[in-house]
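**Student:** build me a structure from this.
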Amino acid sequence: MLNALTLTNKVMNLRYLSGKGKAKLLLLPFLFCFLLSKQGYSANIYSIVGGDGVWGNAGNWSATSGGLSCGCTPVAGDDVYVEGSSVTITVAASPGVNFNSLTVRELVDGDNAALALNTGVTLNVDNGASGGDLNITDVAGGTGSPSVSLGGTSVLSIRGSVIINDGDLTANNITLNSTSTLKIGVDFDMSAGGQISILANSTVDYFGSGAQSVLTTTYGKLKFSGAGTKTFQSGTVQIKNNSITCFDPSGATTVVCTGATIQFNSTGAQTIPGLPGSSSYDVLTIGGSGTKTFANSPTINIFGTLTLSGTNTYVVGTSTINFNGTGNQTIPFGARTTVTYNDIQVNCTGGTGASLGSAVTSTLVAGNITVQSGTLNNGGFAIAGNAGKTFQVNNGATFRLTGSSGMPTGFSGAGTPVLQATSTVDFNGNGGQTIDAANYGNLTSSNTGARTLAAAGTIGVFTTFTPGTNVYTVVGSTINFNGTGNQSVPMPATALYNDILINCTGGTGATLAAAVNATNVTGNITVQTGTLNNGGFAIVGNAAKTFQVNNGATFVLSGTTSAMPTGFGTTTLQATSTVNFNGTGSQDVPAINFGNLTSSSTGGRVLAAAGTIGIATTFTPGTNIYTITGSTVNFNGTLAQSIPAFSFINLQLNNSAGASLTGSVNLTGVCTIGAGTLTTTGQTFTLLSTAAGTASIAAIPAGSAVTGNITMQRYSGSALSPLTDWRFLCSAVSGQKLSNWMTFFPMTGFTGATCNPGDCTGGCSTTCTTPSVYTYNEAVAGTSDNGYVSAGNITDDILDGKGYWVYLDATPVTFAVTGAPYQQAKSASLTYNDYGLPSDDGWNVVSNPYPSAIDWDALSDATHWTKTNIGGTIYIWNAATGSYASYATGAPVNGGTRYIASQQAYWVQATGAPALTVRELCKAETQNPNYLKVAKSPNTSQIPIAFKDFPVPLNTNTLFNSLKLTASTNAYPDDEIFIRFLPGASNNFDSQYDGWKLSGYYSNLSSVMNSLNYCINSLPDLTSDVTIPLRLTIPAGSGVVTYTISRDSILMLPMSSCIILEDKKTGSMTDLRTTVSYTFTISDTT
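**Tutor:** Numbering: from 1, shown residues only. Below is the predicted model:
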């Protein structure tokens, strides 16, 4: 046939004309020449539309595409094109020659040209060199489906490339020579049972841009250069080429290997690549011999089984093998002793996960081991990694240790082992296992083996600890709950912990799941950071161990009535630690030193009645209801502190930086300032006073102070009668006027008073000119009664150091003054004038200036009292008895005591030019007393002092060589005298030892010396007989009254002394040694 046509100078047209059944050749008058075919040259030959479709029939071919029949057939060396709409060319017999190329294509969109080889036919495409290509192609964007089908035992032998970018290749037998490339753009189907023969150096390239099915067969080189998904058919794929490019899947988007086994089993070097994207091998087998190199990237994912066989040498570089199946997997090592893996990743999420096939050594695994998801089971084998490499379990992943194995060793990468927050390490051995010191996410123990907690280092738990039912050895161990979310601290009945650390900084912190006892926790509990919540459970520790909350950490006591830990040798709450009483029921706040003390939730709170509750930083009492009986709260930090609104019993400040009130504070006990300044500015600080007692401020040391105002209350009880309802009053704060008192009780008889001279024509005319407030002026001559001076105006100042004689009217009453408290040394302004009788001169009414009781018996020195020319006896009007309570050192009468209540004024008598200064250390050490309303006890008088501030048994006579006598009757209150024998005393009036009898309204019993009446009579030592006259006077109009004079129930005179009471009227003699009392009658005319 015509193999080639060469055109010279002119254009030639060649047409076949049909006529009368013969083909004619019409030659136009142009210059032309025919060139005969030459060996090695090829011609194009095209199938035509309308022929019978048989390869060997000349009527089915044309020399031009779309042309008329050339009356020829394809011959050796031709480029053969099968094309056209619905054209099928069938090769019924083997041509017996080699063709240069074979193309089956779409000319116009929608064409379905086809080539079919009948059974037994062989078609060779081979140009004798490296060429000989098969092309199955379409027009751009075409929708046709050109195809090649090989039937029965037919063979299509290709020396060059098979290029299929559209349509189908359905083959029984295909042979690729060693230099051939089979390029497939669509599916490759040999399901009819044929065979493909691909020599080791040939290449099959799936270059289609869409999804393709990859034939399961033996390849030389296999390549995926086209994008899209490449899916291996089920079966085994062998890759035989000895090169680093024996399998190149990099062009594909996704490779699906489900059901396929990929084998690299050549005898030479091969590189095992990772599949693109997240694609995984299903079954990957590496056999043969020679060097096998794991590609550095991407990761080699194994979904099913990895088999390492043969005697290969592995080059692992920086490669990563990832076991990512959804069923059980084994990580194989075989019997290898040389390097097998670089990095291992585990993402096996099903079954029991990925299990080691043998022990890991630093030789077998050169790189990191990372459990990214799913489970790695060590299979009971040891894992010993390489220094500088990391063992890591990611969030959500699990590492399970079976047998008696322990955690991996040898790794030393940063933070190794890295056990992320929600990772799980499960000690699952049925033998003894040691739980190593590491920072775990979830730490779990299962199965039956014994567990030993690492004795050195710290076992951290970031999320959960599930100890199982194993038996634990805990000596020397430490477990640290260090999460950032809520954690539960399991607490079985058996030993589980030695030391516990809490560093849980998120949510509600780490919460106990059960009670702590000395069995399940044998060591210390330390809240280092974050929060420990007791979950409402008791914590009872071991003696000699410590419960500690560090600076910045919090301990929450929740539940109902849970309390602070007990049993520990030491409880330490650092300065900025917080203890939060969060129970819904009543909780006891113990007397210990807190950093921050907080109360929340709704339950009641009971402050310790004994000891001191220390607060180094802040007190946040919440809105709870408190029981505070006897409690003491001490603000003892080193930085300035705030004192919140609260009702305190005893309040202490021991902070040189001071403290400031931030709300209204009530005090019922004692405020003690050991160091620092208490600032009340802008707030209300109220010292409460009730029948039970009065709050006070104890001695303030030099350099300390109360800055700002206080409100000082004073409760005054009921008087015996309106006649006796006078009080000696003063103020404990500065800046006061009479009007401040009148806010609480009425005043009369002076300008501005409730009932004043301007009201005499009104309803209070009987008292309008009767003053209810007096001061006393010692300088007025005459008897002592002459010195009373009435108030002039309600605006008169209540003077510092001065006492006032005040009528209270209706009692009981509580009054208050608000101002800056008097503090440090205070001197009274006293006078002395000698106008006549010693009993009438030198009297001054002075104040207790402090918001505290003071002690008359305190030392007289530079830091206590200065008493110059001041008698030793004090006198206070007692409205409850209508008589004066008196006291001289050790000798109390009618309820007198060494203690002078706050805002209590009292009589003193100067004996010469006087000076009286009181200082802070004179404040009574016994504070916040309660008056004891009990039946008479031995040597005890029940006559109360005016302001009843102290719980001592009043007027108990415990002085040797003394005698107290009481005159009692049903008609009037008791009256007392005190007689004692002292070295240095005389038979005259001794100002330091004796006390004048200041007459009361009712019974007046006195000891008479030199015609003078004494309430306290101090005599020289009893060395001889002495007679002491007694005098009893009663109110006029009393008539005849029966009295009893009784001595102390316990006689405080020497047993050798005779004590005879003689009734001068009747002559009756009573031996008071054997008889406690004597009863007689007396009339107001006696």
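**Student:** who touches L1012 in this structure?
**Tutor:** 839, 989, 996 (CB atoms under 8 Å, 6 or more residues apart in numbering). In short, each C-beta sits where N, CA and C put it, glycine included.
**Student:** next: L859.
**Tutor:** Counting by CB under 8 Å, 6+ apart, L859 touches 865, 921.
**Student:** re earlier: let's have the contacts of L1012 in TSV, adding distance to D1048.
**Tutor:** Shown next, in TSV, are these (distance: CB to CB, whole Å):
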residue	distance to D1048
S839	27
F989	24
W996	23
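**Student:** among the residues you listed, which ones are buried?
**Tutor:** Among those, those classed as buried by 16 or more other CB atoms under 10 Å are 839, 989, 996.
**Student:** strands - which of those land there?
**Tutor:** Assigned to strands by DSSP state E, the following of the buried ones among the contacts of L1012 qualify: W996.
**Student:** which of the buried ones among the contacts of L1012 lies closest to G220?
**Tutor:** Closest to G220 out of the buried ones among the contacts of L1012 is W996 (134.8 Å), distances taken as CB to CB.
**Student:** show me where the stretch 601-750 of the chain has its helices.
**Tutor:** Assigned by DSSP state H, counting those that start in this stretch, the stretch 601-750 of the chain shows helices spanning 738-742.
**Student:** using PDB, list the CA coordinates for stretch 891-898.
**Tutor:** Only the C-alpha atoms of stretch 891-898 are listed here, as PDB (Å, rounded to 0.1, in the frame of the first residue of the first chain):
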ATOM      1  CA  ALA A 891     -10.200  44.300 150.500                       C
ATOM      2  CA  PRO A 892     -13.500  44.500 148.600                       C
ATOM      3  CA  VAL A 893     -16.700  45.800 150.200                       C
ATOM      4  CA  ASN A 894     -20.300  45.800 148.800                       C
ATOM      5  CA  GLY A 895     -19.200  44.500 145.400                       C
ATOM      6  CA  GLY A 896     -16.100  46.600 145.200                       C
ATOM      7  CA  THR A 897     -13.300  45.200 143.100                       C
ATOM      8  CA  ARG A 898      -9.800  46.100 141.800                       C
END
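**Student:** tally up the residues packed near the closest residue to P417 other than its chain neighbours, please.
**Tutor:** If the residues on either side of it in the chain are set aside, P417 comes closest to F391, at 4.5 Å by CB to CB, 6 or more residues apart in numbering. F391 sits with 26 neighbouring residues when counted by other CB atoms under 10 Å.
**Student:** so F391 touches A384, yeah?
**Tutor:** No - the pair F391 / A384 is not scored as a contact, 10.2 Å apart, by CB atoms under 8 Å.
**Student:** mutual contacts of those two, please.
**Tutor:** Listed as contacting both F391 and A384 by CB under 8 Å, 6+ apart are P408.
**Student:** what ranges in this structure fall below the confidence cut-off?
**Tutor:** Residues of the chain meeting the criterion pLDDT under 70: 1-42, 128-131, 140-142, 150-155, 157-180, 186-200, 310, 762-763, 926-958.
**Student:** quick revisit: ok, the contacts of L1012 vs R336, which is closest?
**Tutor:** Nearest to R336, judged by CB to CB, of those is W996 at 115.9 Å.
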